[in-house]
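Engineer: Got a predicted structure plus its sequence, pasted below:
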Amino acid sequence: VWAALVLGGLIVGLPIALVVLQPGKTLNRHLIAVAQMLISALFIHLSGGRIEAHFHIFGALAFLAFYRDWKVLVTASAVVAADHLFRGLLWPQSVYGVLYASPWRTLEHAAWVIFEDLFLITAGLQALKDTEGHCKQQALLETSNEALENEIAQHQRAEEELTKKKAQLEEAQQLASLASWEYDFASGVATWSKEQYWMLGLEPSTFKPSFGSFLTLVHADDQQKMKDLLSDVLRTGKSFEYDVRILRPDGEIRSLHATGKIDLDDSRKPVRLTGTHLDITESRRAAESLRHSEERFQLIADATNDVIWDHNLITNSVWRNKNYSKLVGRPEGMTVDDVESWTNRLRPDDVERITGSMQKALEEGGSSWSCEYQLRCDNSTYVEILDRGYVVRDAAGQPVRVVGAMMDITERKRAEAELLSAKEAAEAASRAKSE
């Protein structure tokens, strides 16, 4: 018994040590197979060669089959065959339980081992094939799942990007007072952006958009124009652009500028009408205010005898009202829009003083300028001028315009001269009388 324990320990010691020290080595499998078969041989020997003990070999082979490596079974079977052959010849009682055994008995036992090997190898190869197939299916499934997850992620990113761009578009439309709309002829459904409802003073939850409902909001004086425009677009299929006034539910009148296009099918039938509305109310009001301002300025310019002028320092161009032509004796309608046309009419010895005074006002940050000088007319006579200007500066304080008025003070100067002459004559007469 003690010899069996020692021998068994020696048999299993080396495989156990290699498994602990060098796990995962292929050699370990074969050493375990050899040890397993030697333990079976020891067990058969200890049982006195009983036939039932031989089933330990079959169990050990079945255990080794879990490696799913047919080479391990071949190694184990070779050990069994060698053990039976040598012990059957030299000590048959320890393996077969008899004093004498025919060599054919060794072949019989080897045949049973080979039969089990064939079964176990076939089952192992089938298991490997099934495992490989399962692994391929699992890999394919994981690849498909990964592709699906990537597709879902891309779709989510696309949706997020679309939502972001839609929000940016809505924000841009709101900032630009721009609305978009679409009408589908097949379904008869009109789609408006949020800005379209806001622009028209409507609530999306209480108003159903359509061309007819939009037409009810159009100013009465513009409704026929809208109907004629739609008829023309349906007839020609051309893009369109128009200005229209709308009357909001709160009574406010606003002006819209619309652009759009119509999509036709192959048979030239209308499919879809799309366009945008730009709220131009404020720009219209500003233009109207500017027009009134210009009209008032023109009336003032026409009502005065002074020459009104506007010098653009950026472009160096000058605008003057028609009184300038009257002053210098030129026919009406002649345009004089440069500075040189003015400086050329100054007395040559006075140009530096006059232009220098204006340049000083511009450079020293002054807001006004005035100067008296003589201006030559087309008939070579000179008129006395009192010229005054207001300097317009930008946010940085740089001069950009000078607006002013030229007053003809020739008669005033003549009256002053006559008054001075009369005064001097009276003083001379008074002195002569006293003498």
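Structural biologist: Thanks, I have the structure now.
Engineer: what residues does stretch 426-435 touch?
Structural biologist: Applying C-beta atoms under 8 Å, 6 or more residues apart in numbering, stretch 426-435 turns out to have no external contacts. Where C-beta positions appear, they are placed from N, C-alpha and C, glycine not excepted.
Engineer: and it, which residues are buried?
Structural biologist: Across stretch 426-435, burial judged by 16 or more other C-beta atoms under 10 Å covers no residue at all.
Engineer: Let me know the average pLDDT across it.
Structural biologist: Mean pLDDT, computed over stretch 426-435, is 75.
Engineer: With stretch 193-204 instead?
Structural biologist: The model assigns stretch 193-204 a mean pLDDT of 88.
Engineer: Do a quick rundown of the helices in the stretch 151-300 of the chain.
Structural biologist: Secondary structure of the stretch 151-300 of the chain (DSSP state H, counting those that start in this stretch): helices located at 194-200, 211-215, 223-236, 281-303.
Engineer: got the contact list for I253?
Structural biologist: Per C-beta under 8 Å, 6+ apart, neighbours of I253: H219, R245, I246, L247.
Engineer: what about 7 Å?
Structural biologist: By C-beta atoms under 7 Å, 6 or more residues apart in numbering, the residues touching I253 are H219, R245, L247.
Engineer: In strands, which of those fall?
Structural biologist: R245, L247 (DSSP state E).
Engineer: quick one on the thing from earlier: out of the helices of the stretch 151-300 of the chain, which is closest to C135?
Structural biologist: For the helices of the stretch 151-300 of the chain, the distance to C135 is smallest for helix 194-200, at 54.4 Å, taking C-beta to C-beta.
Engineer: Please list the residues outside the closest one that contact it.
Structural biologist: So helix 194-200 is contacted by 170, 173-174, 178-181, 203-204, 207, 217, 246, 248, 277, 279 (C-beta under 7 Å, 6+ apart).
Engineer: So which of those wins on neighbours?
Structural biologist: H277 (26 neighbours; other C-beta atoms under 10 Å).
Engineer: how near is W309 to E160?
Structural biologist: Remark: distance between W309 and E160 (C-beta to C-beta, to the nearest Å) = 61 Å.
Engineer: so which of the helices of the stretch 151-300 of the chain is the most packed in?
Structural biologist: Sort those by mean neighbour count, taking mean count of other C-beta atoms under 10 Å, and helix 194-200 sits at the top with a mean of 20.
Engineer: Please save the CA atoms from the helix or strand L386 falls within in PDB.
Structural biologist: Using DSSP states H and E, L386 sits in strand 382-393. Only the C-alpha atoms of strand 382-393 are listed here, as PDB (Å, rounded to 0.1, in the frame of the first residue of the first chain):
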ATOM      1  CA  TYR A 382     -17.100 138.300 -57.100                       C
ATOM      2  CA  VAL A 383     -19.800 137.900 -54.400                       C
ATOM      3  CA  GLU A 384     -19.300 138.100 -50.700                       C
ATOM      4  CA  ILE A 385     -19.900 134.800 -48.900                       C
ATOM      5  CA  LEU A 386     -20.500 133.800 -45.300                       C
ATOM      6  CA  ASP A 387     -19.900 130.100 -45.200                       C
ATOM      7  CA  ARG A 388     -20.800 128.000 -42.200                       C
ATOM      8  CA  GLY A 389     -20.500 124.200 -41.800                       C
ATOM      9  CA  TYR A 390     -21.200 121.500 -39.200                       C
ATOM     10  CA  VAL A 391     -18.700 118.600 -38.900                       C
ATOM     11  CA  VAL A 392     -20.100 115.100 -38.600                       C
ATOM     12  CA  ARG A 393     -17.800 112.500 -37.000                       C
END
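Engineer: Show me how far the next helix or strand after it is from its chain's centre.
Structural biologist: As assigned by DSSP H and E, the chain's next helix or strand after strand 382-393 is strand 399-408. Between the centre of strand 399-408 and the centre of its host chain there is 50 Å, according to C-alpha atoms, centre = their mean, to the nearest Å.
Engineer: and if you look at stretch 146-164?
Structural biologist: That offset, for stretch 146-164, works out to 16 Å (C-alpha atoms, centre = their mean).
Engineer: gap between Y390 and S367?
Structural biologist: Y390 is 7 Å from S367, by C-beta to C-beta.
Engineer: what's the answer for I300, then?
Structural biologist: On the measure of C-beta to C-beta, I300 and S367 end up 21 Å apart.
Engineer: do the same with R50
Structural biologist: 130 Å.
Engineer: Now the element after the worst-scoring helix or strand of the chain on mean pLDDT, going C-ward?
Structural biologist: Among the helices and strands of the chain, helix 2-21 carries the lowest confidence by mean pLDDT, DSSP states H and E, at a mean of 67. Using DSSP H and E, the helix or strand that follows helix 2-21 towards the C-terminus is helix 26-46.
Engineer: For that following helix, name the packing helices and strands.
Structural biologist: Contact here means 3 or more C-beta pairs under 7 Å, 6 or more residues apart in numbering; DSSP states H and E; on that basis helix 26-46 packs against helix 2-21, helix 55-64, helix 70-90.
Engineer: related to what we said a few turns ago, same drill for W309 and E160, tell me which one is more crowded.
Structural biologist: W309 (21 against 10).
Engineer: ok, now which ones touch T274?
Structural biologist: E182, G260, K261.
Engineer: List the residue ranges of the stretch 201-350 of the chain that fall below the pLDDT cut-off.
Structural biologist: Along the stretch 201-350 of the chain, segments meeting pLDDT under 70 span 297, 301-303, 333-337.
Engineer: how about the helices of the stretch 301-435 of the chain, start to end?
Structural biologist: 323-328, 340-343, 351-363, 410-434.
Engineer: Tell me which of the ones you listed sits nearest to V113.
Structural biologist: Nearest to V113, of all the helices of the stretch 301-435 of the chain, is helix 351-363, at 117.8 Å by C-beta to C-beta.
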